[in-house]
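Visitor: need coordinates for the following:
(2 chains)
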Amino acid sequence: MSRKPSDLVQGTLDMLILKTLALEPTHGYGISVRIEQISKGVFRLNAGSLFLAIQRLQRDGLIDGEWKATENNRRARYYVLTKKGRQRLSSETREWGRQAAAIARILEASWG
Amino acid sequence: MSLLRNLRSGLRSLFRKERVNRELEEELGEYLEMSADEKMKQGISRKEALRAVRLERGSVEVSKEIVRSGGWESTVETSWRDLLFAARMLRKSPGFTLVAMLSLALGIGGNTAVFSVMNTVLLRYLPLPNPQQLVFLRLPNGPPDGVGTTGDEDKSFSYPVFEALRKEHAVFSDLMAYMPLAVDKVAVRIGEDPEEAEGDMVSGNFFSGLGVSFTRGRGFALEDETAHASVVVLSYSYWTTRFGRSPSAIGQTINVKGVPFTVIGVTAQGFYGVEPASSTDFWIPLQNRFELTAWGEEPSLDTFYGAPKWWCIQLIGRLVPGVTESQAMAKLDPIFQSAALIGLGTPDPKEKKSILAFSSTQGIQDMRDAYQKPIQILLAMVGLVLAIACANVSTLLVARNATRAREFSVRIALGAGRGRLLRQTLTESFLLVAGGAAFGWMFAISGSRALAAWSGTEIPFVLDSRVLLFTLAISISCAIVFGLAPLRRAVSVPVGVTLKTSNATAYRDQGSSWSGKVVVASQMALCLILLVGSGLLVRSLRNYQTLPLGLRVDGLLVFGTDPFSVHSDEEKEHFYQNLLARLREASGVESATLVSHRLGSGWGWNSVWAIDGVEPQGSFSEIGMSANHVGPDFCHTLGIPILRGRDVTDVDARSAPKVVLVNEAFSERFFPKGDALGHSVTTISSTAVGKHKLENSFTIVGVIGDSKYKRVDEKSKPTLYFPFAQYTPIPNMQVELRTRGNPEALIPSVHAVLHGLDPNLPIQKPLTQRAQFDESYSQARLFARLSIFFGVIAVLLVATGLYGTLAYRVDRRTPEIGVRMALGAQRAQVLWLILRESLLVGGAAILAGVPVAIAGARLMRSMLFGVQPGDMISFLLALFGVILVALAASIIPALRAVRVDPLVALRYE
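Guide: Numbers count the residues shown, from 1 in each chain, chains lettered A, B, ... in the order given. All right, here's what the predicted structure looks like:
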């Protein structure tokens, strides 16, 4: 791998996890694989920060977890988005869009 | 919702640690396995894959640590571990822990106790629903002229006024009336033996209007008032002390002045009546019987229930919510003014008009004026004690943490974070404060009880939430004040330096020794201020105690009587003659006499009498006289010297020629030539405004020495002593008995004599005359005792603080002393080296403390008696005390320094 995976912008990991789970309920490994795949390897999670974020989201009532068997006959905890989590995701996505657009406008501004 | 979930999840990881841990481990394990599975698809061996995954994603252990530290419960867990550690460390040095905690306990407890008194006297409301709606009704300039009053002129109303005002429902949702059955206590009998209790007659809405709840039974209804029902409600504390909280108290009979009443209820705990300074034992509805008059007044048509000119009713109203004081007054005043005139006829327009006013039910109004200043001074005193205590603990902690510098360095070197270290030391301070506060709270409970007893308030001081908050606030400020100061140094130790050098020489910088000295010096300055204050108060107390009273006070017993079944003067004279005759025969009684106003009780009889038929002219302060009804053998029994003429004797009966004794002050004021004997004194009775009639002439038959009458600190005043039966109507009398032995030993025989006369007669407030006089300066005594107490605490605290600091410094200087001695220093020189330091600190403290003490003493002027605020003796004693403390605290460390063996000391280097 030529480039080191980037650090996530502070506070965005929660949003990414919520988004991943909005697509499909999955387990911890599934989440990190999804994020890596979709970001084309830009973001790579280590286990500590991933499960810390999961614990936080769970305590805030945004996601729920349940032990299930995987397709490879392993046992894993599958996470599902709650109703509250869905609301949070949509509000955060909107907010993110606004901020990203604003930042982009600032960066693209030129004297002229 | 999410907070709850968070809490539940956190608690789960705290208390079901194993299970949560296992689950997390399993989940992480699976996660890494799955990553490894992925890697193995690219053809690497399983072992290689697992290694790569661990490098890339982090190992199970590290990840677990990260996840665990993310929840709030991990903070709780570390704090708990810190707490256990701190407790272990404190247990390892029990001496330090004990001294520190006790210092704090005294400081915190003293402050709490004094604050709780302040709370009760100045801040607290009655323990009733919506107490801020309750107001006392007052008459700031007294009732109209020409009415009968009780002595409580600014708070007593007539029946017509009460009846008129209680109808005004736009202002008062309820207006309650109450009046005591006696000035002090009233005779009651439950079963066989007579006793005394405090009872009030109240209107039917008294309990319902106030919102009093009941532990047992019920309160009164309006019908009980109109029917003057023979029912009684007990207070919780009377039910407890007298009936042992027995449920069978309901239905029992209580004889009040011989009239039977049936118990129908017990009020809730904490209700002591509406007068906060005294506690009422029972209540009965308003009565229309001659036996039961307001204030135990002599029964007559003028003092009977409903008499329009007898202003005896006290009123407390519950304002309708939203009504302001001025609105209420606008409505009430016209009603009051017209009702006030009922029974008086047409008023003279020049006469003063009574004004109606409200007074807050917060605090204790009557005590506020008397106690506000002393309480503030007390608060300042305990504040100083607390400051000293904090400084003390701070110095102790500095010393302790300094000796632990090596321990800290080792731990930092082993990788402990400075933040963690700081937290641990802070936890230790927190534990000290918590322990101190807990002890302090216990100390405060007993302290405030003692304060209540001393100040003569019957209500137990309540340690309520406001007091608790106050204690917490001062404890937290303590923790901040002394907790943080020493820690800064402890954790900023350069690790290398401490580890390299020997224990003894590690970081002895000039700065730290300076700050230590400053702390000790300011402690001693505070101690000096306290000692000056105590000295002044103690000398005031000495002045009270040694003041000549003008009579032989030891060996006298005084008690009151209330022969409520005896009414006419003839019967009364006979009753008291009979009583005296029987008492004189009782064993141990040397002589006996009577007085109408008990000496030293604060009560007195002031008026003006005409001399030889001429009314003296001048202001009341110039010509005002005191008087007392006295019994036969008055001078002989009390030990007052007879200067000229004779004592009152059995001959001076009601029908005999009227005579009077006068004191020396009277003789000097009105007969400067010393020829008072044989002249006459005449009562002046006012018939109508401005016209006086002279009647009842008394011949002066004796001039006797001046003696104290109402209180110890009064000046001599012209005083007349009338034979009790000759100055009618005959009031209730107090009995004075002289004995050779212990006056209190007479009480049982007095009981027997009274019982023989009338089984319903209690013995009222028996006291030695000495104790009775002591009561007249009880406030001064209270504050002197407290200040001695706080002074002693301050001295002890300063002594331990100074000792701790010095011992620690001598310890540090052991090598230096060793070197000095090895180089030939004499023991005396070494001794002087150590003592000089404490004397210097003491000198600085004196220089700083004396000006503050002088200023502080001025503020106390109003509490001093016969002592000037700049009293040299008090200051010298305080200075001497501080120097003595300095020397006493230094002597042990100094001697230890002298005993340093140079060889041993040097070997350590």
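
Visitor: from B:Ser63, how far out is whichever residue of chain A sits closest to chain B?
Guide: Distances between chain A and chain B by Cβ to the nearest Cβ are smallest at A:Gly48, namely 3.3 Å. The way it works is simple: take the backbone N, C-alpha and C, and place the C-beta from them, glycine included. Between A:Gly48 and B:Ser63 the computed distance is 4 Å (Cβ to Cβ, to the nearest Å).

Visitor: show me which of these two is the more surrounded one.
Guide: B:Ser63 (25 against 22; other Cβ atoms under 10 Å in any protein chain shown).

Visitor: which residues does the more buried one contact?
Guide: By Cβ atoms under 8 Å, 6 or more residues apart in numbering or on different chains, the contact list for B:Ser63 reads A:46-48, A:51, B:28, B:57.

Visitor: quick check: residues of chain A near chain B?
Guide: Counting by Cβ under 8 Å from any Cβ of the partner chain, chain A comes close to chain B at A:27-29, A:32-33, A:44-52, A:55-56, A:58-61, A:70, A:72, A:74-77, A:84.

Visitor: Produce a PyMOL select command limited to the buried residues of those.
Guide: Per 16 or more other Cβ atoms under 10 Å in any protein chain shown, the buried members of the residues of chain A next to chain B correspond to this PyMOL selection:
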select buried, chain A and resi 27+28+29+32+33+44+45+46+47+48+49+50+51+52+55+56+58+59+60+61+76+77
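
Visitor: among the residues of chain A next to chain B, which are in helices?
Guide: With helices taken from DSSP state H, the overlap with the residues of chain A next to chain B comprises A:28-29, A:32-33, A:47-52, A:55-56, A:58-59, A:84.

Visitor: please name the nearest non-neighbouring residue to the residue most central in space within chain A.
Guide: For chain A, A:Leu16 is the residue whose C-alpha lies nearest the centre (Cα atoms, centre = their mean; 1.9 Å). Using Cβ to Cβ, 6 or more residues apart in numbering or on different chains and skipping the chain neighbours, the partner closest in space to A:Leu16 is A:Ile35 (5.5 Å).

Visitor: show me the shaky parts of the stretch 351-500 of chain B.
Guide: B:351-352, B:363-370, B:402-403, B:405, B:453-464, B:480-500 (pLDDT under 70).

Visitor: strands of that one, start to end?
Guide: Taking DSSP state E, counting those that start in this stretch as the criterion, the stretch 351-500 of chain B contains strands spanning B:357-360.

Visitor: show me what contacts the residue nearest to B:Gln764 when sequence neighbours are not counted?
Guide: With Cβ to Cβ, 6+ apart as the criterion, B:Gln764 has its nearest non-adjacent residue at 3.2 Å, and that residue is B:Gly560. Neighbouring residues of B:Gly560 by Cβ under 8 Å, 6+ apart: B:184, B:598, B:732, B:734-735, B:763-765.

Visitor: how close does B:Arg124 sit to B:Gly270?
Guide: Taken as Cβ to Cβ, the span from B:Arg124 to B:Gly270 is 11 Å.

Visitor: same question for B:Glu570.
Guide: Distance from B:Glu570 to B:Gly270, by Cβ to Cβ: 48 Å.

Visitor: ok but B:Asn606 is inside a helix, no?
Guide: No - under DSSP: H, G, I helix; E, B strand; the rest coil, B:Asn606 sits outside any helix and is assigned strand.

Visitor: buried sites along whichever strand or helix holds B:Ala889?
Guide: In the assignment (DSSP states H and E), B:Ala889 maps to helix B:872-898. Buried residues in helix B:872-898, counting neighbours by 16+ other Cβ under 10 Å, are found at B:874-875, B:877-879, B:881-883, B:885-886, B:889-891, B:893-894, B:896-898.

Visitor: just stretch B:726-739 next, same as before
Guide: Across stretch B:726-739, burial judged by 16+ other Cβ under 10 Å covers B:726-728, B:730, B:732-739.

Visitor: equivalent analysis for stretch B:334-346, please.
Guide: Buried-residue list, stretch B:334-346, by 16+ other Cβ under 10 Å: B:335-337, B:339-341, B:344.

Visitor: contact partners for residue 77?
Guide: No chain specified, so I'll use chain A. With Cβ under 8 Å, 6+ apart, A:Arg77 has these contacts: A:27-28, A:65-68, B:27.

Visitor: meant chain B actually
Guide: Counting by Cβ under 8 Å, 6+ apart, B:Glu77 has contacts B:Leu14.

Visitor: by contact count, what packs against the biggest strand by length in chain B?
Guide: Across chain B, the longest stretch assigned as strand under DSSP state E is strand B:691-704. Packing partners of strand B:691-704 (3 or more Cβ pairs under 8 Å, 6 or more residues apart in numbering or on different chains; DSSP states H and E): strand B:642-645, strand B:659-663, helix B:664-670, strand B:680-688, strand B:719-723.

Visitor: what's the closest of these to B:Asp174?
Guide: strand B:680-688 (39.1 Å; Cβ to Cβ).

Visitor: coming back round to it: element containing the residue nearest to A:Leu16?
Guide: Using DSSP H and E, A:Ile35 sits in helix A:28-38.
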